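Enquirer: Okay, sequence plus prediction incoming.
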Amino acid sequence: TAILYDYLLSIGANVMYYIPERSDGYGMNMNAIKYLCDKGVRMIITVDNGISAVKEAEEIYRLGMKLVVTDHHQPGSTLPRAEAVVDPHRADCPSRFKHLAGCGVALKLCAALDGGSYDSVLDQYLDLCALGTIADVVSLTGENRFIVKQGLRHFDETDNYGLRALKEKSGCKEHCTATDVSFTITPRINAAGRFGSPVNAVKLLLSDAEDAEVYAGILISANDTRKEKEADISKDIFEYINDHPEILNERVLVLNGQGWAHGVIGIVAARVTEYYGKPTVLISEEDGDARGSARSIKGFNIFECFQSAKDILVKCGGHECAGGLTVLPENFDEFKQRIASDPIYAEQEQPPAPSSATAGNGGEVTSGGSKNEHIENTPPEQPEITPYNPMEGRVDTRQEEQRSNSIMEILSNASASLNEKASVEQILAKVDSSGKLTEALNSENYARAKTELNRLVAHSQLSADEEQTLRAYISNSNRQEQPPPRKK
(Lines give C-alpha, C1' and ligand atoms only; values in the text may rest on other atoms or scores of the structure.)
Protein backbone atom coordinates (compact mmCIF):
# COMPACT_ATOMS: atom_id res chain seq x y z
CA THR A 1 0.00 0.00 0.00
CA ALA A 2 2.77 2.45 0.91
CA ILE A 3 4.60 1.73 -2.36
CA LEU A 4 1.62 2.19 -4.67
CA TYR A 5 0.15 5.15 -2.76
CA ASP A 6 3.45 7.03 -2.71
CA TYR A 7 4.09 6.36 -6.39
CA LEU A 8 0.62 7.48 -7.51
CA LEU A 9 1.00 10.60 -5.39
CA SER A 10 4.35 11.32 -7.04
CA ILE A 11 2.84 11.27 -10.55
CA GLY A 12 0.10 13.68 -9.58
CA ALA A 13 -2.80 11.35 -8.80
CA ASN A 14 -5.63 12.37 -6.49
CA VAL A 15 -5.27 9.31 -4.29
CA MET A 16 -6.07 8.07 -0.80
CA TYR A 17 -5.41 4.72 0.88
CA TYR A 18 -7.73 2.51 2.90
CA ILE A 19 -6.66 -0.36 5.14
CA PRO A 20 -9.44 -2.52 6.64
CA GLU A 21 -9.25 -3.07 10.37
CA ARG A 22 -8.77 -6.63 11.58
CA SER A 23 -12.36 -6.67 12.85
CA ASP A 24 -13.53 -6.07 9.26
CA GLY A 25 -11.74 -9.18 8.02
CA TYR A 26 -9.20 -9.42 5.22
CA GLY A 27 -9.56 -7.89 1.79
CA MET A 28 -12.54 -6.04 0.37
CA ASN A 29 -15.90 -5.90 2.09
CA MET A 30 -19.22 -4.23 1.32
CA ASN A 31 -18.97 -1.68 4.13
CA ALA A 32 -15.55 -0.52 2.89
CA ILE A 33 -16.84 -0.23 -0.68
CA LYS A 34 -19.76 1.97 0.44
CA TYR A 35 -17.41 4.10 2.56
CA LEU A 36 -15.07 4.67 -0.38
CA CYS A 37 -17.96 5.48 -2.69
CA ASP A 38 -19.24 8.07 -0.22
CA LYS A 39 -15.74 9.58 -0.20
CA GLY A 40 -15.99 10.21 -3.93
CA VAL A 41 -13.57 7.47 -5.02
CA ARG A 42 -13.82 6.70 -8.74
CA MET A 43 -11.41 3.76 -8.95
CA ILE A 44 -10.31 1.19 -6.36
CA ILE A 45 -6.90 -0.46 -6.78
CA THR A 46 -6.34 -3.42 -4.49
CA VAL A 47 -2.96 -4.49 -3.14
CA ASP A 48 -2.40 -8.09 -2.01
CA ASN A 49 -6.13 -8.88 -2.11
CA GLY A 50 -9.17 -8.89 -4.36
CA ILE A 51 -8.64 -11.98 -6.49
CA SER A 52 -11.59 -13.74 -4.83
CA ALA A 53 -13.81 -10.64 -4.39
CA VAL A 54 -16.28 -11.52 -7.14
CA LYS A 55 -19.40 -10.22 -5.39
CA GLU A 56 -17.63 -7.15 -4.10
CA ALA A 57 -16.42 -6.32 -7.62
CA GLU A 58 -19.98 -6.35 -8.94
CA GLU A 59 -21.01 -3.98 -6.14
CA ILE A 60 -18.16 -1.61 -7.06
CA TYR A 61 -19.43 -1.34 -10.64
CA ARG A 62 -23.06 -1.09 -9.53
CA LEU A 63 -22.06 2.01 -7.56
CA GLY A 64 -20.39 3.53 -10.62
CA MET A 65 -16.75 2.95 -9.63
CA LYS A 66 -14.04 0.96 -11.39
CA LEU A 67 -11.65 -1.70 -10.09
CA VAL A 68 -8.06 -2.79 -10.69
CA VAL A 69 -6.95 -5.91 -8.81
CA THR A 70 -3.32 -6.60 -7.89
CA ASP A 71 -2.87 -9.80 -5.92
CA HIS A 72 -0.60 -12.82 -5.57
CA HIS A 73 -3.06 -15.29 -4.09
CA GLN A 74 -4.58 -18.23 -5.96
CA PRO A 75 -7.54 -17.24 -8.15
CA GLY A 76 -10.79 -19.15 -8.04
CA SER A 77 -12.72 -20.45 -11.02
CA THR A 78 -14.14 -16.97 -11.70
CA LEU A 79 -12.11 -13.77 -11.83
CA PRO A 80 -13.66 -10.58 -10.43
CA ARG A 81 -14.97 -7.98 -12.85
CA ALA A 82 -12.26 -5.35 -13.24
CA GLU A 83 -10.41 -3.05 -15.64
CA ALA A 84 -7.37 -5.25 -15.04
CA VAL A 85 -6.59 -8.27 -12.85
CA VAL A 86 -2.86 -8.48 -12.19
CA ASP A 87 -1.94 -11.79 -10.60
CA PRO A 88 0.97 -14.09 -11.55
CA HIS A 89 -1.21 -17.12 -10.77
CA ARG A 90 -3.67 -16.34 -13.56
CA ALA A 91 -3.73 -19.21 -16.03
CA ASP A 92 -3.01 -16.79 -18.89
CA CYS A 93 -0.20 -14.88 -17.13
CA PRO A 94 2.94 -15.09 -19.34
CA SER A 95 5.44 -14.57 -16.51
CA ARG A 96 7.52 -17.64 -15.67
CA PHE A 97 8.00 -16.48 -12.08
CA LYS A 98 4.88 -17.08 -10.01
CA HIS A 99 6.02 -16.42 -6.45
CA LEU A 100 6.00 -12.64 -6.12
CA ALA A 101 4.67 -11.17 -2.88
CA GLY A 102 1.86 -8.65 -3.02
CA CYS A 103 4.36 -5.80 -2.80
CA GLY A 104 6.25 -7.23 -5.78
CA VAL A 105 3.10 -7.19 -7.90
CA ALA A 106 2.45 -3.57 -6.82
CA LEU A 107 6.02 -2.66 -7.75
CA LYS A 108 5.52 -4.08 -11.24
CA LEU A 109 2.34 -2.05 -11.65
CA CYS A 110 4.31 1.10 -10.74
CA ALA A 111 6.95 0.20 -13.34
CA ALA A 112 4.26 -0.37 -15.99
CA LEU A 113 2.73 3.04 -15.23
CA ASP A 114 6.25 4.50 -15.46
CA GLY A 115 6.49 3.43 -19.08
CA GLY A 116 7.95 -0.02 -18.42
CA SER A 117 11.15 1.31 -16.83
CA TYR A 118 12.26 -0.13 -13.49
CA ASP A 119 15.04 2.39 -12.82
CA SER A 120 13.04 4.95 -10.85
CA VAL A 121 10.76 2.57 -8.94
CA LEU A 122 13.62 0.30 -7.89
CA ASP A 123 15.63 3.27 -6.65
CA GLN A 124 12.65 4.64 -4.74
CA TYR A 125 10.91 1.55 -3.35
CA LEU A 126 13.27 -1.42 -3.40
CA ASP A 127 13.85 -1.16 0.38
CA LEU A 128 10.09 -1.34 1.07
CA CYS A 129 9.63 -4.13 -1.47
CA ALA A 130 12.42 -6.17 0.15
CA LEU A 131 10.76 -5.67 3.54
CA GLY A 132 7.38 -6.79 2.22
CA THR A 133 8.82 -9.77 0.38
CA ILE A 134 10.57 -11.02 3.52
CA ALA A 135 7.49 -10.43 5.66
CA ASP A 136 5.17 -12.28 3.27
CA VAL A 137 7.27 -15.46 3.50
CA VAL A 138 7.49 -16.15 -0.20
CA SER A 139 10.20 -18.25 -1.78
CA LEU A 140 13.48 -16.31 -1.94
CA THR A 141 14.36 -17.45 -5.44
CA GLY A 142 14.28 -15.84 -8.87
CA GLU A 143 12.91 -12.30 -8.85
CA ASN A 144 12.26 -12.40 -5.10
CA ARG A 145 15.93 -13.13 -4.50
CA PHE A 146 16.89 -10.11 -6.59
CA ILE A 147 14.41 -7.90 -4.74
CA VAL A 148 15.67 -8.95 -1.30
CA LYS A 149 19.38 -9.05 -2.10
CA GLN A 150 19.42 -5.65 -3.78
CA GLY A 151 16.78 -4.21 -1.49
CA LEU A 152 18.79 -4.96 1.64
CA ARG A 153 21.54 -2.72 0.28
CA HIS A 154 19.01 0.09 0.00
CA PHE A 155 17.67 -0.89 3.43
CA ASP A 156 20.97 -0.11 5.15
CA GLU A 157 20.95 3.49 3.90
CA THR A 158 17.23 4.03 3.46
CA ASP A 159 15.77 7.49 2.94
CA ASN A 160 12.53 6.32 4.56
CA TYR A 161 12.23 8.13 7.89
CA GLY A 162 9.86 5.51 9.30
CA LEU A 163 12.20 2.61 8.57
CA ARG A 164 15.10 4.53 10.06
CA ALA A 165 13.21 5.16 13.30
CA LEU A 166 11.94 1.59 13.58
CA LYS A 167 15.41 0.14 12.93
CA GLU A 168 16.87 2.30 15.68
CA LYS A 169 14.15 1.55 18.25
CA SER A 170 14.21 -2.18 17.41
CA GLY A 171 17.97 -2.46 17.94
CA CYS A 172 18.48 -3.64 14.37
CA LYS A 173 22.16 -3.76 13.46
CA GLU A 174 23.61 -1.44 10.86
CA HIS A 175 23.93 -3.96 8.01
CA CYS A 176 20.74 -6.03 8.03
CA THR A 177 20.34 -9.55 6.72
CA ALA A 178 17.00 -11.07 5.71
CA THR A 179 16.91 -12.86 9.07
CA ASP A 180 17.51 -9.59 10.95
CA VAL A 181 14.63 -7.95 9.11
CA SER A 182 12.39 -10.98 9.64
CA PHE A 183 12.94 -11.18 13.39
CA THR A 184 13.20 -7.50 14.29
CA ILE A 185 11.38 -5.25 11.81
CA THR A 186 8.51 -7.31 10.37
CA PRO A 187 7.04 -8.49 13.72
CA ARG A 188 6.72 -4.87 14.83
CA ILE A 189 5.10 -3.76 11.59
CA ASN A 190 2.70 -6.70 11.70
CA ALA A 191 1.88 -5.89 15.33
CA ALA A 192 0.19 -2.67 14.19
CA GLY A 193 -2.67 -4.66 12.71
CA ARG A 194 -2.70 -7.32 15.40
CA PHE A 195 -3.11 -4.93 18.35
CA GLY A 196 -4.15 -1.47 17.26
CA SER A 197 -4.70 -0.30 13.70
CA PRO A 198 -2.80 -1.39 10.58
CA VAL A 199 -3.06 2.23 9.42
CA ASN A 200 -0.29 3.04 11.92
CA ALA A 201 2.14 0.88 9.93
CA VAL A 202 1.32 2.70 6.69
CA LYS A 203 1.64 6.06 8.43
CA LEU A 204 5.06 5.01 9.70
CA LEU A 205 6.29 4.14 6.20
CA LEU A 206 4.93 7.42 4.81
CA SER A 207 5.90 9.66 7.75
CA ASP A 208 8.27 12.59 7.93
CA ALA A 209 11.16 12.78 10.39
CA GLU A 210 9.06 14.26 13.20
CA ASP A 211 6.19 11.76 13.07
CA ALA A 212 8.41 8.72 12.43
CA GLU A 213 9.51 8.51 16.07
CA VAL A 214 5.89 8.61 17.26
CA TYR A 215 4.64 5.84 14.99
CA ALA A 216 7.72 3.69 15.64
CA GLY A 217 6.93 3.91 19.36
CA ILE A 218 3.32 2.85 18.73
CA LEU A 219 4.49 -0.23 16.84
CA ILE A 220 7.03 -1.16 19.52
CA SER A 221 4.29 -1.02 22.18
CA ALA A 222 1.90 -3.11 20.05
CA ASN A 223 4.58 -5.74 19.57
CA ASP A 224 5.11 -6.03 23.33
CA THR A 225 1.38 -6.75 23.71
CA ARG A 226 1.60 -9.29 20.90
CA LYS A 227 4.32 -11.23 22.73
CA GLU A 228 2.19 -11.52 25.87
CA LYS A 229 -0.93 -12.72 24.04
CA GLU A 230 1.08 -15.11 21.89
CA ALA A 231 2.64 -16.75 24.95
CA ASP A 232 -0.78 -17.24 26.58
CA ILE A 233 -2.33 -18.89 23.51
CA SER A 234 0.73 -21.07 22.91
CA LYS A 235 0.58 -22.30 26.50
CA ASP A 236 -3.11 -23.25 26.10
CA ILE A 237 -2.52 -25.15 22.86
CA PHE A 238 0.58 -27.05 23.90
CA GLU A 239 -1.00 -28.04 27.21
CA TYR A 240 -4.07 -29.34 25.36
CA ILE A 241 -1.94 -31.39 22.97
CA ASN A 242 0.08 -32.80 25.86
CA ASP A 243 -3.18 -33.87 27.58
CA HIS A 244 -4.66 -35.26 24.32
CA PRO A 245 -1.72 -36.78 22.40
CA GLU A 246 -4.09 -38.78 20.18
CA ILE A 247 -4.79 -35.59 18.24
CA LEU A 248 -1.36 -35.96 16.66
CA ASN A 249 -2.67 -38.93 14.67
CA GLU A 250 -4.87 -36.57 12.66
CA ARG A 251 -3.70 -35.44 9.26
CA VAL A 252 -4.47 -31.75 9.94
CA LEU A 253 -4.46 -30.27 13.43
CA VAL A 254 -7.66 -28.27 13.86
CA LEU A 255 -8.06 -26.54 17.23
CA ASN A 256 -10.45 -23.89 18.47
CA GLY A 257 -10.56 -21.70 21.54
CA GLN A 258 -12.63 -18.96 23.12
CA GLY A 259 -11.37 -15.40 22.85
CA TRP A 260 -7.99 -16.14 21.32
CA ALA A 261 -6.60 -12.91 19.93
CA HIS A 262 -7.16 -12.95 16.17
CA GLY A 263 -3.99 -10.98 15.73
CA VAL A 264 -1.69 -13.78 16.84
CA ILE A 265 -3.34 -17.11 16.04
CA GLY A 266 -1.56 -17.13 12.68
CA ILE A 267 1.81 -16.82 14.41
CA VAL A 268 0.96 -19.59 16.87
CA ALA A 269 -0.33 -21.80 14.03
CA ALA A 270 3.04 -21.35 12.32
CA ARG A 271 4.87 -22.40 15.47
CA VAL A 272 2.66 -25.49 15.97
CA THR A 273 3.17 -26.46 12.31
CA GLU A 274 6.90 -26.00 12.66
CA TYR A 275 7.13 -28.08 15.84
CA TYR A 276 4.85 -31.00 14.90
CA GLY A 277 5.38 -30.98 11.13
CA LYS A 278 1.63 -31.00 10.44
CA PRO A 279 -0.72 -28.49 8.80
CA THR A 280 -2.47 -26.53 11.53
CA VAL A 281 -5.74 -24.57 11.65
CA LEU A 282 -6.47 -22.46 14.72
CA ILE A 283 -9.96 -20.98 15.10
CA SER A 284 -10.97 -18.34 17.64
CA GLU A 285 -14.61 -18.07 18.71
CA GLU A 286 -15.86 -14.72 19.90
CA ASP A 287 -19.27 -12.99 19.86
CA GLY A 288 -20.88 -15.68 17.73
CA ASP A 289 -18.14 -15.51 15.14
CA ALA A 290 -15.38 -18.04 14.45
CA ARG A 291 -12.38 -16.87 12.47
CA GLY A 292 -9.30 -18.94 11.85
CA SER A 293 -5.80 -18.89 10.49
CA ALA A 294 -3.92 -21.81 8.93
CA ARG A 295 -0.32 -22.72 8.19
CA SER A 296 0.84 -25.70 6.18
CA ILE A 297 3.88 -27.66 5.08
CA LYS A 298 5.45 -27.94 1.64
CA GLY A 299 3.44 -30.20 -0.62
CA PHE A 300 0.16 -29.80 1.27
CA ASN A 301 -1.89 -26.96 -0.25
CA ILE A 302 -4.06 -25.71 2.59
CA PHE A 303 -6.05 -23.41 0.28
CA GLU A 304 -7.07 -26.35 -1.93
CA CYS A 305 -7.86 -28.34 1.20
CA PHE A 306 -10.33 -25.63 2.27
CA GLN A 307 -12.27 -26.11 -0.98
CA SER A 308 -13.76 -29.37 0.32
CA ALA A 309 -15.61 -27.30 2.95
CA LYS A 310 -16.16 -24.12 0.96
CA ASP A 311 -19.96 -24.43 1.05
CA ILE A 312 -20.04 -24.22 4.88
CA LEU A 313 -17.45 -21.45 5.17
CA VAL A 314 -18.49 -17.83 5.32
CA LYS A 315 -15.19 -16.80 3.73
CA CYS A 316 -11.83 -18.37 2.95
CA GLY A 317 -8.65 -17.47 1.10
CA GLY A 318 -4.93 -18.03 0.97
CA HIS A 319 -2.32 -20.03 -0.89
CA GLU A 320 -0.33 -23.25 -0.50
CA CYS A 321 1.32 -22.58 2.86
CA ALA A 322 -1.11 -20.20 4.60
CA GLY A 323 -4.78 -19.35 4.66
CA GLY A 324 -7.59 -17.70 6.55
CA LEU A 325 -11.23 -18.57 7.04
CA THR A 326 -14.49 -17.63 8.74
CA VAL A 327 -16.92 -20.33 9.80
CA LEU A 328 -20.09 -20.34 11.88
CA PRO A 329 -19.44 -21.98 15.30
CA GLU A 330 -22.20 -24.55 14.68
CA ASN A 331 -20.36 -25.74 11.56
CA PHE A 332 -17.00 -26.22 13.28
CA ASP A 333 -17.33 -30.01 13.77
CA GLU A 334 -18.44 -30.55 10.16
CA PHE A 335 -15.57 -28.37 8.94
CA LYS A 336 -13.12 -30.50 10.89
CA GLN A 337 -14.63 -33.68 9.41
CA ARG A 338 -14.52 -32.30 5.87
CA ILE A 339 -10.86 -31.37 6.23
CA ALA A 340 -10.07 -34.88 7.46
CA SER A 341 -11.88 -36.55 4.53
CA ASP A 342 -10.88 -34.15 1.74
CA PRO A 343 -10.49 -36.40 -1.34
CA ILE A 344 -7.63 -34.32 -2.72
CA TYR A 345 -5.38 -35.21 0.18
CA ALA A 346 -7.13 -38.15 1.86
CA GLU A 347 -4.71 -40.67 0.34
CA GLN A 348 -1.63 -38.52 0.85
CA GLU A 349 0.90 -39.87 3.29
CA GLN A 350 0.52 -38.12 6.63
CA PRO A 351 3.44 -36.17 8.03
CA PRO A 352 5.00 -38.20 10.86
CA ALA A 353 4.06 -37.23 14.39
CA PRO A 354 6.90 -36.51 16.84
CA SER A 355 7.95 -39.37 19.08
CA SER A 356 6.90 -37.43 22.16
CA ALA A 357 3.75 -35.38 22.57
CA THR A 358 5.48 -33.02 24.97
CA ALA A 359 5.85 -29.63 23.35
CA GLY A 360 8.77 -28.45 25.37
CA ASN A 361 8.25 -24.84 24.43
CA GLY A 362 4.94 -23.97 25.99
CA GLY A 363 6.18 -20.49 26.80
CA GLU A 364 6.56 -17.54 24.51
CA VAL A 365 6.72 -18.21 20.80
CA THR A 366 9.60 -16.58 18.94
CA SER A 367 8.56 -13.65 16.75
CA GLY A 368 7.74 -14.75 13.25
CA GLY A 369 7.42 -18.48 13.93
CA SER A 370 7.91 -20.70 10.91
CA LYS A 371 7.52 -17.64 8.72
CA ASN A 372 11.30 -17.37 8.87
CA GLU A 373 12.36 -20.95 8.21
CA HIS A 374 12.99 -20.40 4.49
CA ILE A 375 15.08 -17.34 5.32
CA GLU A 376 17.26 -19.05 7.90
CA ASN A 377 17.78 -22.14 5.76
CA THR A 378 18.46 -20.31 2.50
CA PRO A 379 22.20 -20.35 1.69
CA PRO A 380 23.86 -17.01 0.93
CA GLU A 381 24.09 -17.85 -2.76
CA GLN A 382 22.28 -20.26 -5.06
CA PRO A 383 24.35 -20.77 -8.21
CA GLU A 384 21.53 -22.33 -10.22
CA ILE A 385 18.73 -19.77 -10.22
CA THR A 386 16.88 -18.21 -13.10
CA PRO A 387 18.54 -14.88 -13.96
CA TYR A 388 16.37 -11.94 -13.01
CA ASN A 389 14.66 -10.36 -15.97
CA PRO A 390 12.72 -7.32 -14.75
CA MET A 391 10.98 -6.94 -18.08
CA GLU A 392 9.63 -10.48 -18.08
CA GLY A 393 5.87 -10.63 -18.29
CA ARG A 394 5.39 -6.85 -18.41
CA VAL A 395 2.37 -5.42 -20.18
CA ASP A 396 2.75 -4.83 -23.93
CA THR A 397 1.98 -1.13 -23.96
CA ARG A 398 1.08 -1.16 -27.65
CA GLN A 399 -1.54 -3.87 -27.21
CA GLU A 400 -2.81 -2.32 -23.98
CA GLU A 401 -2.57 1.33 -25.03
CA GLN A 402 -6.28 2.00 -24.80
CA ARG A 403 -6.59 0.49 -21.30
CA SER A 404 -3.43 2.20 -20.04
CA ASN A 405 -4.62 5.58 -21.30
CA SER A 406 -7.95 5.06 -19.54
CA ILE A 407 -6.26 4.27 -16.23
CA MET A 408 -3.78 7.11 -16.53
CA GLU A 409 -6.60 9.53 -17.32
CA ILE A 410 -8.20 8.68 -14.00
CA LEU A 411 -4.97 8.62 -12.01
CA SER A 412 -3.33 11.81 -13.26
CA ASN A 413 -4.22 15.47 -12.74
CA ALA A 414 -4.05 18.16 -15.42
CA SER A 415 -1.13 20.53 -15.12
CA ALA A 416 -1.37 24.36 -15.21
CA SER A 417 0.71 26.48 -17.59
CA LEU A 418 4.37 27.07 -16.80
CA ASN A 419 5.39 30.44 -15.38
CA GLU A 420 9.03 30.81 -16.38
CA LYS A 421 9.49 34.09 -14.49
CA ALA A 422 9.23 32.51 -11.01
CA SER A 423 12.48 31.79 -9.21
CA VAL A 424 13.02 28.25 -7.90
CA GLU A 425 15.06 29.51 -4.97
CA GLN A 426 12.35 31.96 -3.95
CA ILE A 427 9.66 29.32 -4.14
CA LEU A 428 11.66 26.86 -2.03
CA ALA A 429 12.37 29.53 0.58
CA LYS A 430 8.66 30.31 0.74
CA VAL A 431 7.06 26.86 0.89
CA ASP A 432 9.69 24.25 1.82
CA SER A 433 9.66 24.78 5.58
CA SER A 434 10.79 21.22 6.31
CA GLY A 435 13.71 21.48 3.88
CA LYS A 436 13.02 18.00 2.50
CA LEU A 437 12.39 19.13 -1.08
CA THR A 438 15.51 21.29 -1.05
CA GLU A 439 17.52 18.39 0.37
CA ALA A 440 16.25 16.03 -2.34
CA LEU A 441 17.16 18.51 -5.09
CA ASN A 442 20.60 19.17 -3.65
CA SER A 443 21.29 15.43 -3.47
CA GLU A 444 19.92 15.00 -7.02
CA ASN A 445 17.37 12.47 -5.79
CA TYR A 446 14.70 13.50 -8.27
CA ALA A 447 12.33 10.63 -7.56
CA ARG A 448 12.15 11.73 -3.92
CA ALA A 449 11.89 15.36 -5.06
CA LYS A 450 8.76 14.50 -7.07
CA THR A 451 7.25 12.83 -4.00
CA GLU A 452 8.02 15.79 -1.73
CA LEU A 453 6.66 18.24 -4.29
CA ASN A 454 3.38 16.34 -4.49
CA ARG A 455 3.10 16.35 -0.72
CA LEU A 456 3.27 20.15 -0.81
CA VAL A 457 0.66 20.22 -3.57
CA ALA A 458 -1.61 17.87 -1.62
CA HIS A 459 -1.51 20.27 1.32
CA SER A 460 -2.31 23.25 -0.95
CA GLN A 461 0.95 25.00 -0.16
CA LEU A 462 1.71 25.93 -3.78
CA SER A 463 0.05 27.99 -6.44
CA ALA A 464 -0.38 26.42 -9.87
CA ASP A 465 2.45 28.56 -11.30
CA GLU A 466 4.81 27.66 -8.47
CA GLU A 467 3.99 23.99 -8.82
CA GLN A 468 4.68 23.93 -12.54
CA THR A 469 7.92 25.87 -12.16
CA LEU A 470 9.22 23.28 -9.72
CA ARG A 471 7.98 20.37 -11.84
CA ALA A 472 9.75 21.73 -14.90
CA TYR A 473 12.95 22.28 -12.92
CA ILE A 474 12.90 18.74 -11.54
CA SER A 475 12.09 17.23 -14.94
CA ASN A 476 14.84 19.15 -16.77
CA SER A 477 17.43 18.38 -14.07
CA ASN A 478 16.50 14.71 -14.12
CA ARG A 479 17.03 14.49 -17.90
CA GLN A 480 20.43 16.12 -17.60
CA GLU A 481 21.55 13.70 -14.89
CA GLN A 482 22.55 10.52 -16.75
CA PRO A 483 22.50 7.37 -14.60
CA PRO A 484 25.52 5.05 -14.73
CA PRO A 485 25.25 1.99 -17.01
CA ARG A 486 23.39 -0.89 -15.33
CA LYS A 487 25.16 -4.23 -15.08
CA LYS A 488 23.44 -7.06 -16.90
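Expert: Perfect, I can see it now.
Enquirer: Going by C-alpha atoms from here, please, whenever you check contacts or count neighbours.
Expert: Noted.
Enquirer: What does the pLDDT read for the nearest residue to E250 once chain neighbours are set aside?
Expert: Once flanking residues are discounted, E250 sits nearest to A340: 7.5 Å by Cα to Cα, 6 or more residues apart in numbering. pLDDT, A340: 76.
Enquirer: what's the distance between A340 and R251?
Expert: 7 Å (Cα to Cα, to the nearest Å).
Enquirer: Tell me which of these two has more neighbours.
Expert: Each of A340 and R251 has its neighbours counted (other Cα atoms under 10 Å); R251 has more, 21 against 18.
Enquirer: Give me the helices and strands touching the helix ranked longest in the chain, please.
Expert: Using DSSP state H, we find that the single longest helix of the chain is helix 209-243. Under the contact definition 3 or more Cα pairs under 8 Å, 6 or more residues apart in numbering; DSSP states H and E, helix 209-243 sits against helix 161-170, helix 186-194, helix 199-206, helix 265-276.
Enquirer: any idea how far the longest one is from the chain center?
Expert: This points to helix 265-276. Centroid separation for helix 265-276 versus its chain: 21 Å, with Cα atoms, centre = their mean, to the nearest Å.
Enquirer: Run through who's touching whichever helix or strand comes after that helix.
Expert: Using DSSP states H and E, the helix or strand that follows helix 265-276 in sequence is strand 280-286. Here strand 280-286 makes contact (Cα atoms under 8 Å, 6 or more residues apart in numbering) with 252-262, 265-266, 269-270, 272-273, 290-296, 329.
Enquirer: Quick check, the residue nearest to E250 in contact with V254.
Expert: No: taking contacts as Cα atoms under 8 Å, A340 lies outside contact range of V254: 9.5 Å.
Enquirer: which stretches of the protein form strands?
Expert: For the chain, the strands defined by DSSP state E occupy 43-45, 66-70, 84-86, 253-258, 280-286, 289-295, 313-318, 322-327.
Enquirer: Could I get the ones you listed in a markdown table, plus columns for mean pLDDT?
Expert: Compiled in a markdown table, those are given as follows (pLDDT from 0 to 100):
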| stretch | mean pLDDT |
| --- | --- |
| strand 43-45 | 97 |
| strand 66-70 | 97 |
| strand 84-86 | 96 |
| strand 253-258 | 90 |
| strand 280-286 | 89 |
| strand 289-295 | 88 |
| strand 313-318 | 82 |
| strand 322-327 | 86 |
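Enquirer: wait, which of those is closest to L428?
Expert: Nearest to L428 among these is strand 43-45; the distance by Cα to Cα comes to 33.4 Å.
Enquirer: Show me the contact partners of that closest one.
Expert: Residues from elsewhere that reach strand 43-45 (Cα under 8 Å, 6+ apart): 65-70, 410.
Enquirer: run the last query once more with 10 Å
Expert: Contact with strand 43-45 is made by 1, 4-5, 15-18, 33, 36-37, 57, 60-61, 64-70, 82-85, 106, 407, 410-411, as judged by Cα atoms under 10 Å, 6 or more residues apart in numbering.
Enquirer: about what we covered before: closest one to T438 among the helices and strands packed on helix 209-243?
Expert: Nearest of the helices and strands packed on helix 209-243 to T438, taken as Cα to Cα: helix 161-170 at 16.2 Å.
Enquirer: relative to helix 199-206, how tilted is the closest one?
Expert: 110 degrees (axes from the mean of the first three to the mean of the last three Cα atoms, to 10 degrees).
Enquirer: so where is the chain shaky, pLDDT-wise?
Expert: Low-confidence segments of the chain, defined by pLDDT under 70, are located at 25, 342-423, 457-461, 475-488.
Enquirer: let's see 50
Expert: 346-422, 482-488 (pLDDT under 50).
Enquirer: Please tell me I have it right and I60 contacts L67.
Expert: Yes: between I60 and L67 a contact is recorded at 7.2 Å, counting by Cα atoms under 10 Å.
Enquirer: Between these two, which contacts overlap?
Expert: With Cα under 10 Å, 6+ apart, I60 and L67 have common neighbours 42-44, 81-82.
Enquirer: Throw the strands of the chain into a markdown table and include distance to G132, thanks.
Expert: Below are the strands of the chain laid out as a markdown table (distance: least, Cα to Cα, whole Å):
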| stretch | distance to G132 |
| --- | --- |
| strand 43-45 | 18 |
| strand 66-70 | 15 |
| strand 84-86 | 18 |
| strand 253-258 | 29 |
| strand 280-286 | 24 |
| strand 289-295 | 19 |
| strand 313-318 | 17 |
| strand 322-327 | 16 |
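Enquirer: Export those strands as TSV, with columns for mean neighbour count.
Expert: Converted to TSV, the strands of the chain look like this (neighbours: other Cα atoms under 10 Å):
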stretch	mean neighbour count
strand 43-45	20
strand 66-70	22
strand 84-86	19
strand 253-258	18
strand 280-286	24
strand 289-295	24
strand 313-318	19
strand 322-327	22
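Enquirer: wait, which of those strands is closest to D208?
Expert: Of the strands of the chain, nearest to D208 by Cα to Cα is strand 43-45, at 24.8 Å.
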